[in-house]
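# take a look and give me a structure for this.
(chains A and B)
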Amino acid sequence: MKERGWTEIPPGGIIEEAGNAVAYETGSWRTYRPVWDSETCIHCLRCWVACPDSSIEIADGKVTGIDYDHCKGCGICSFECPVDPKAIQMKLETDIAKE
Amino acid sequence: MRVARRLILTGNDATAEAMRQIAPDVVTCFPITPQTELMHKFAEHVADGDVDTELVLVESEHSAMSAAVGAAAAGARAMTATAANGLALMWEIVYIAASYRLPIVMPVVNRALSGPINIHCDHSDTMGCRDTGWIQLYSENAQEAYDNTIQALRIAEHPDVLLPVMVTFDGFILSHTAEILEGLEDAEVKDWIGTYEAKYSILNTDDPVTMGPLDLQDYYFEHKRQQVEGMRHAPAVIRDIGRAYGELSGRSYDLFEAYRLEDAEFAVVALGSTCGTTKVVVDELREQGTKAGLLKIRSFRPFPEAEIAEALGNAKAIGVLDRSISFGAPGGPVHKEIKAALYGTGREIGIVNYIYGLGGRDMSVNDIKTAFAGLEKVAREGTPDDNIRFLGLRGEGGV
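Predicted coordinates for the structure are as follows:
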């Protein structure tokens, strides 16, 4: 996103465009990545309810994946997952990069 | 011919009268001496049904300014008023109001900041927040407090400015002293200030916007530069509105007043109620053949640097009166601005700073005469080493 000069932006920090947070890819902040296992997931959707960044992707009431462009890796989804072993495991991004 | 509406009011009641005539959408209210009677009077106007303002009684000044910010963010005309420690408590939000470009108008009844605790006049409260991004208009008397309050609305809401305005007047000296003044008719005020259409409203669901988002390394700097631009536009707007107000009321206003200053060799610079006393001294000295003059600052923020330097052009010596201290700095806030304004003009003018009237210490005709008398030596010998003087102080170093 090209950053604009002071004469090109609304005053006082006002954001005129609604819902533009989608353009801000907070996924780059992540240290731990939630890795979802479709085999063990029971689709209770607790993770979807708890995710503060709406990053649990669902379709027809079932989890389909995770939006890594916006997931910050907070780990709430994994913490809330009731399955044993958990269907969402937190893994270090650096370890994943090595694999 | 215009028939004057003569009133006898204290500074507080005069300002409450201006607020009644402005009829803001929202006024937030928390009492503090010496502002209490102002809000008391305005609350009475609300209770009597003389004005349909939504009066919000809050639990602190921090909340008073927060609620005013909320109301202004919704597009309302919002006002509050405070003094001294109340202003200090709302400080955080005072800065935010300017940063969000919300045209809130706030009378501030000047009072010394604690401690030790003191309820009387000095300018440490508003001088302390001279860098919050608010426009500051200082008033010499109750008439000016009334007139400035009405003008402040249009200055703040001007689209080229869009900054909040503090209208200040001296605690007790003006706030609690009855004066004869001329008021406008209700309809005149209503027509002159017009209606306010905020460009953005946080409650407008048809055109939703976000206000107050996190603003980090990427954009905060740009928003500060925008505030600078609003302040840069303010002098012309303050002057235009002062002129227009003159057409309405017969009382024109400028950024400052040059009183017998044109050929003055000895100039005093001041703001607030002391300017009235200084005018008496200037007249007396003039009768005795001394070329004395006064530069009365009305707009301290923005500070009209070039115009003030020009107006002081013929002075051989300048005495700057400061009713507050800037601890550890070379002189009081007004003194520093005057010195900065003269820097680079190529003129070597002797300047002394008189700190006076702290905590309501009386500033008499004789004190101001002492200040002028000190200027004769300064004119001969230039700025002395002891150029920060304490006028009316007992003990060593006092003059």
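
# my guess is residue B:87 meets residue B:123, correct?
No: with contact defined as Cβ atoms under 8 Å, residue B:87 does not count as touching residue B:123 (11.3 Å). For every residue, glycine as well, the C-beta is placed using N, CA and C.

# which residues of the stretch 1-150 of chain B lie near chain A?
B:99-102 (Cβ under 8 Å from any Cβ of the partner chain).

# how about those in CSV, adding secondary structure?
Listed next are those as CSV, based on DSSP: H, G, I helix; E, B strand; the rest coil:
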residue, secondary structure
B:99, helix
B:100, coil
B:101, coil
B:102, coil
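
# which of those residues count as buried?
B:99-102 (16 or more other Cβ atoms under 10 Å in any protein chain shown).

# for residue A:76, what are its contacts?
A:47, A:50-52 (Cβ atoms under 8 Å, 6 or more residues apart in numbering or on different chains).

# could you find the closest non-adjacent residue to residue B:237?
residue B:158 (4.8 Å; Cβ to Cβ, 6 or more residues apart in numbering or on different chains).

# so which residues of the stretch 201-350 of chain B form helices?
B:220-249, B:274-287, B:305-311, B:333-342 (DSSP state H, counting those that start in this stretch).

# hmm, back to that, with pLDDT added, can I get the contacts of residue A:76 in a markdown table?
Output for the contacts of residue A:76, formatted as a markdown table (pLDDT from 0 to 100):
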| residue | pLDDT |
| --- | --- |
| A:47 | 98 |
| A:50 | 98 |
| A:51 | 98 |
| A:52 | 95 |
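
# residue B:151 and residue B:245 touch, don't they?
Yes: Residue B:151 is within contact range of residue B:245, at 5.3 Å (criterion: Cβ under 8 Å).

# neighbour count winner among the two?
residue B:151 (26 against 20; other Cβ atoms under 10 Å in any protein chain shown).

# spell out which residues of chain A are next to chain B.
Looking at chain B, the residues of chain A close enough under Cβ under 8 Å from any Cβ are A:3-6, A:9-16, A:18.

# just the buried ones out of those, please.
A:6, A:9, A:11-15.

# give me the most central residue, chain A.
residue A:71 (2.1 Å; Cα atoms, centre = their mean).

# so that residue, which state does it fall into?
coil.

# can you pull the pLDDT of the residue lying closest to it once chain neighbours are set aside?
Among residues not flanking residue A:71 along the chain, residue A:55 sits closest, at 3.9 Å (Cβ to Cβ, 6+ apart). The score at residue A:55 is 97. That number is its pLDDT.

# pull the contacting residues for residue A:55.
A:66-68, A:70-71.

# farthest pair in the residues you listed?
Across those, the longest distance by Cβ to Cβ is 9.4 Å; it joins A:66 and A:70.

# can you give me the strands in chain A?
A:32-36, A:56-59, A:62-66, A:88-92 (DSSP state E).

# save the ones you listed as TSV, and put in mean neighbour count too.
Converted to TSV, the strands of chain A look like this (neighbours: other Cβ atoms under 10 Å in any protein chain shown):
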stretch	mean neighbour count
strand A:32-36	19
strand A:56-59	14
strand A:62-66	15
strand A:88-92	16
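
# that older thread, and the contacts of residue A:55, which is closest to chain B?
residue A:70 (16.0 Å; Cβ to the nearest Cβ).

# just name the most buried of the helices of the stretch 201-350 of chain B.
helix B:333-342 (a mean of 21; mean count of other Cβ atoms under 10 Å in any protein chain shown).

# please tell me how far residue A:57 sits from chain B.
25 Å (Cβ to the nearest Cβ, to the nearest Å).

# thought that residue was touching residue A:65?
Yes: at 4.7 Å, residue A:57 and residue A:65 qualify as touching, with contact defined as Cβ under 8 Å.

# low-confidence ranges in the stretch 151-300 of chain B?
The stretch 151-300 of chain B contains no residues with pLDDT under 70.

# re the thing from before, what touches both of residue B:151 and residue B:245?
What both residue B:151 and residue B:245 touch, as defined by Cβ under 8 Å, 6+ apart, is the set residue B:253.

# what comes up buried for stretch B:38-51?
B:38-39, B:41-43, B:45-46, B:51.

# ok, residues contacting it?
B:12-13, B:15-17, B:19-20, B:23, B:27, B:29-31, B:53, B:55, B:81, B:107, B:109, B:175.

# next one: stretch B:117-128
B:33-34, B:83-85, B:87-88, B:108, B:110-113, B:136, B:166, B:168, B:170-173, B:271-273, B:322-326, B:332-333, B:357-360.

# and residue B:34, what does it touch?
If you count contacts by Cβ under 8 Å, 6+ apart, then residue B:34 has B:12, B:83, B:109, B:111, B:119, B:121, B:171-172, B:175-176 around it.

# need the nearest residue in space to it, chain neighbours excluded.
Residue B:34 sits nearest to residue B:171 (Cβ to Cβ, 6+ apart), 4.0 Å away.

# ok, residue B:292 - contacts?
B:260, B:264-268, B:281-282, B:285-286, B:372.

# look up how far chain A lies from it.
44 Å.

# beta partners of that residue?
residue B:266 (DSSP bridges).

# residue B:86: how many residues sit nearby?
Count around residue B:86 with other Cβ under 10 Å applied: 25.

# next, it: secondary structure please.
helix.

# got the confidence number for it?
At residue B:86, pLDDT is 98.

# do the one 10 residues further on as well
In the prediction, the pLDDT value recorded for residue B:96 is 98.

# right, and the helix or strand after the helix or strand where it lies?
Under the criterion of DSSP states H and E, residue B:96 resides in helix B:91-99. Remark: after helix B:91-99, the chain's next helix or strand is strand B:105-110, criterion DSSP H and E.

# which other helices and strands does that following strand contact?
helix B:11-22, strand B:78-79, helix B:124-128, helix B:142-157, strand B:165-170 (3 or more Cβ pairs under 8 Å, 6 or more residues apart in numbering or on different chains; DSSP states H and E).

# helices of chain A, start to end?
With helices called from DSSP state H, chain A shows them at A:46-50, A:76-80, A:93-98.

# picking that back up, how about the residues of the stretch 1-150 of chain B next to chain A in CSV, adding distance to residue A:61?
CSV is the format used below for the residues of the stretch 1-150 of chain B next to chain A (distance: Cβ to Cβ, whole Å):
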residue, distance to residue A:61
B:99, 45
B:100, 42
B:101, 46
B:102, 45
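
# TSV for those residues, including pLDDT?
What follows is the residues of the stretch 1-150 of chain B next to chain A, written out as TSV (pLDDT from 0 to 100):
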residue	pLDDT
B:99	98
B:100	97
B:101	98
B:102	98
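
# now residue 39: phi and psi?
Picked chain A for this. phi -70, psi -40 (degrees, to the nearest 10).

# oops, chain B please
Dihedral angles (degrees, to the nearest 10) for residue B:39: phi -70, psi -30.

# roughly how far apart are it and residue B:166?
Remark: distance between residue B:39 and residue B:166 (Cβ to Cβ, to the nearest Å) = 16 Å.

# for residue B:349, same thing?
30 Å.

# now tell me what touches stretch B:236-246 from outside.
So stretch B:236-246 is contacted by B:135, B:137, B:147, B:150-151, B:154-155, B:158, B:160-161, B:192, B:251-255, B:299, B:302 (Cβ under 8 Å, 6+ apart).

# restrict that stretch to CA atoms and write it as CSV.
Extracted C-alpha coordinates of stretch B:236-246, given in CSV (Å, rounded to 0.1, in the frame of the first residue of the first chain):
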residue,chain,number,x,y,z
ALA,B,236,-6.3,35.2,8.9
VAL,B,237,-9.5,33.6,10.0
ILE,B,238,-9.3,35.2,13.5
ARG,B,239,-8.8,38.6,11.9
ASP,B,240,-11.6,38.2,9.4
ILE,B,241,-14.0,37.0,12.1
GLY,B,242,-12.9,39.8,14.4
ARG,B,243,-13.7,42.3,11.6
ALA,B,244,-17.0,40.7,10.9
TYR,B,245,-17.8,40.8,14.6
GLY,B,246,-17.0,44.5,14.5
